[in-house]
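Novice: Any chance you can model this:
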Amino acid sequence: MSTQRYSVTPHPIETLLTWVKSGEIAIPEIQRPFVWEATKVRNLLDSLYQGYPVGYLIAWRNPTVKLKDGTSSAGKRILIDGQQRVTALMAALLGREVLTKDYETVRIRIAFHPQDERFEVANPAIRKDAAWIEDVSEVFAPSASVFQLVNSYCQKNPGVLHDAVFGTIEKLRKIINNHVGVIELADDLDIETVTEIFIRVNSAGTELSQADFAMSKIAVNESYGGNLLRKAIDYFCHLAVAPEFLARIEKGDAAFAGSEFLPQMRWLKDVNDDIYDPTYTDMLRVAFTSEFGRGKLQDLVALLSGRNFETKQFEEAIAEQSFGKLKKGVLAFINKTHFDRITMILRSAGFVTSDLIGGRNAVNFAYILYLRGRAEGMPAADLERVVRHWYAMSVLRGRYTGSPETAFDFDIRQVEARGLASYADAVIENEMPESFWTGMLPQLMDTSSSNSPYFLAYQAAQVKLGDKGFLSRDITVLDLLMNRSDVHHVYPKKHLKEQGLSRGRYNQIANFVLAQSEINIAIGYKAPEKYFSELAEQVDGGKKKYGGITDEAELRANLRTSCIPESMLDGRIPDYDDFLEERRKLMALKIKTWFEAL
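Specialist: The predicted structure is shown next:
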């Protein structure tokens with residue numbers, strides 16, 4: 001028995017283009033912005049002209065869905081691999097405009113040189129050169145006459161033989177008769193299998209994700225507003241990064257500007273905050289998980305197709321309901337109050353810049369919890385406390401770093417079953433026992449990555465606890481972070497390098513402090529023995545060399561807040577490894593103090 005789940009049929013390019021024009025193959029207007037460079041379009045045409053293969057396209061006919069009146073409806077084909085190639089052909093041969101990754105609508109013009117039989121991206125020099133046909137779409141226009149094209153070309157290029165030009169232009173026109181293999185996936189394949197195929201296929205060297213597949217599903221749906229919903233997701237993410245894009249939407253997309261979505265996101269035009277700039281994957285995860293109580297995006301693809309998980313059938317009523325729920329989730333995500341509140345919660349925990357935000361999925365799940373708690377009617381102060389603690393716990397324990405979808409799915413189902421507050425409290429108690437702070441965390445901090453979650457949490461702790469910078473009398477860690485200051489080495493880097501230590505050794509996070517650059521410059525590469533003895537003199541009436549602290553008690557307090565052993569001021573300078581070990585323990589205890597204060 002054959003296990004083949006697909007058929008492969010060669011089709012002329014002309015047929016494919018006809019399918020796209022008639023809507024038989026769905027490539028929605030804003031499904032995936034066109035990311036190819038114009039030179040890649042040129043190379044595709046050249047390959048076709050030379051008779052080279054250009055790869056397969058993969059299409060899947062939407063599953064047959066049971067309509068409300070009991071009849072069945074076979075869906076359109078969705079092009080799940082080959083969108084960029086088909087879009088390139090439409091742009092070059094039909095003269096269609098494409099939407100770039102910067103959301104600009106452009107025409108890609110490919111020129112052809114009949115005498116040299118070569119293609120080039122049109123440019124001003126080519127436009128002035130009569131030896132070029134500056135836009136091949138002229139050759140493929142329905143009204144084009146080869147006889148007139150050849151005559152016109154030969155008049156502009158005296159001495160060129162009619163027959164030679166006629167031959168090359170005919171050869172060019174015939175590229176639409178070249179065949180491309182279309183792999184058609186069986187329409188009775190379940191969503192999971194199609195998803196698996198989809199994820200294994202590489203499109204133009206970029207692996208397609210579950211989120212891409214979900215976006216394709218949303219975009220091809222016209223019955224329940226999928227196309228507008230797709231744009232809402234895309235436009236919000238773009239506006240979050242580039243607020244000036246609003247004017248282009250208002251001018252260039254009247255249908256969207258008149259929808260209910262744009263007024264809900266207009267507030268982004270005044271926002272310069274980059275703590276949480278979500279991608280469409282982030283938005284889909286949050287909107288889906290918070291509304292549907294599930295964490296796996298392949299379930300979203302199934303539900304949008306109308307999948308009934310009990311009967312394994314597809315029903316239009318389920319598709320309609322799923323689009324409604326997803327829309328509700330997207331509107332909740334883009335709501336100004338909600339979005340402001342999640343960024344405020346992060347900031348109130350000490351994560352005051354985007355540099356302190358590590359994994360995006362921890363933020364996504366914090367937002368999901370916030371939206372769920374709000375829907376449950378949880379008191380605002382309680383909800384903020386739970387979300388802060390959960391975010392800090394998930395960062396410190398790497399809860400969403402390995403298999404985020406599995407973790408999302410597990411956690412949201414438990415929240416559904418046990419209630420947000422009781423589940424969150426139980427998990428936090430279990431994940432953060434006393435032994436975590438005294439045993440495990442100091443060991444985890446044996447790392448040289450300044451982006452490690454432990455160092456990010458340590459900096460957030462210093463912000464939240466109002467700490468001053470290392471050896472600073474007035475400048476706080478918050479001031480330093482807001483001014484994008486660098487981290488500095490307690491045991492100077494050059495001093496350690498001269499002792500033969502490797503980068504991974506001298507760049508340990510337990511050797512890092514946040515300090516003013518002038519203090520760092522003053523320390524230079526002096527051995528700690530040297531500059532700590534000078535600090536002791538400074539607070540004993542000596543010369544001010546490092547910062548403005550002249551009181552010994554104040555200096556000792558500053559060392560404590562920076563987790564530096566006070567004994568160093570008394571001349572007891574530990575061996576570097578002993579220093580690191582002691583400081584990791586002190587940093588872990590500071591993070592614990594912070595966590596308990598959240």
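Novice: quick one, phi/psi of the most centrally placed residue in the chain?
Specialist: What sits nearest the mean C-alpha location of the chain, by C-alpha atoms, centre = their mean, is T279, with 4.1 Å. The phi/psi pair for T279 (degrees, to the nearest 10) reads phi -90, psi 170.
Novice: For it, which non-adjacent residue is spatially closest?
Specialist: C237 (5.8 Å; C-beta to C-beta, 6 or more residues apart in numbering). C-beta here means a position set from N, CA and C on the backbone, and glycine is covered the same way.
Novice: Now do the SS call for that neighbour.
Specialist: When classified by DSSP: H, G, I helix; E, B strand; the rest coil, C237 comes out as helix.
Novice: quick one, strands of the stretch 201-350 of the chain?
Specialist: All strands of the stretch 201-350 of the chain, identified by DSSP state E, counting those that start in this stretch, fall at 202-203, 206-207.
Novice: scratch that, the stretch 401-550 of the chain is what I was asking about
Specialist: 487-489, 512-514.
Novice: which residues make contact with the last one from outside it?
Specialist: The one in question is strand 512-514. Contact with strand 512-514 is made by 450, 455, 459, 462, 469-470, 477, 480-481, 485, 487-490, 562, 564, as judged by C-beta atoms under 8 Å, 6 or more residues apart in numbering.
Novice: Kindly state the domain boundaries assigned to this protein.
Specialist: When the chain is parsed with automatic domain parsing, its domains come out as 6-107+165-203, 214-432, 443-597.
Novice: Would you pull up how far the first one lies from the middle of the chain?
Specialist: The one in question is domain 6-107+165-203. Put simply, domain 6-107+165-203 sits 25 Å off its chain's centre (C-alpha atoms, centre = their mean, to the nearest Å).
Novice: Kindly report the same for stretch 343-361.
Specialist: How far stretch 343-361 lies from its chain's middle: 16 Å, per C-alpha atoms, centre = their mean.
Novice: What of stretch 564-579?
Specialist: Once both centres are worked out by C-alpha atoms, centre = their mean, stretch 564-579 turns out to sit 43 Å from its chain's centre.
Novice: List the contacts of it.
Specialist: 470, 490-491, 496, 501, 510-511, 513, 528-529, 532-533, 535-536, 552, 555-556, 559-560, 582-583, 586.
Novice: Distance-wise, check the spatially closest residue to N272 that is not a sequence neighbour relative to W60.
Specialist: Distance criterion C-beta to C-beta, 6+ apart; nearest residue to N272, sequence neighbours excluded, is P243 at 7.7 Å. Distance of P243 to W60, computed by C-beta to C-beta, to the nearest Å: 37 Å.
Novice: Can you verify N43 is assigned to a strand?
Specialist: No: applying three-state DSSP, one finds N43 to be helix, outside a strand.
Novice: these two touch, right, G252 and T105?
Specialist: Yes: G252 is within contact range of T105, at 6.9 Å (criterion: C-beta atoms under 8 Å).
Novice: does L369 sit in a helix or strand, and which one?
Specialist: Per DSSP states H and E: L369 is located in helix 360-376.
Novice: Report the buried residues of that helix.
Specialist: In terms of neighbour count (16 or more other C-beta atoms under 10 Å), helix 360-376 has its buried residues at 360-374.
Novice: got it, and stretch 238-246?
Specialist: For stretch 238-246, by 16+ other C-beta under 10 Å, it's 238-240, 243, 245-246.
Novice: How about stretch 432-446?
Specialist: 432, 436-437, 441-442, 444-445.
Novice: Which members of these occur in helices, if any?
Specialist: Members of the buried residues of stretch 432-446 lying in helices (criterion: DSSP state H): 441-442, 444.
Novice: ok, so of those residues, who is nearest F256?
Specialist: Nearest to F256 among these: L444, at 46.6 Å, using C-beta to C-beta.
Novice: Once you drop chain neighbours, what's closest to the closest one?
Specialist: Among residues not flanking L444 along the chain, Y454 sits closest, at 5.7 Å (C-beta to C-beta, 6+ apart).
Novice: ditto for A515
Specialist: Residue nearest to A515 in three dimensions, not counting chain neighbours: F470, with 3.9 Å by C-beta to C-beta, 6+ apart.
Novice: Next, find the distance separating the one you found from E518.
Specialist: Going from F470 to E518 by C-beta to C-beta gives 12 Å.
Novice: try I25
Specialist: For I25, the distance to E518 (C-beta to C-beta) stands at 63 Å.
Novice: The two: who's more crowded?
Specialist: Between I25 and E518, I25 has the larger neighbour count (other C-beta atoms under 10 Å), namely 22 against 12.
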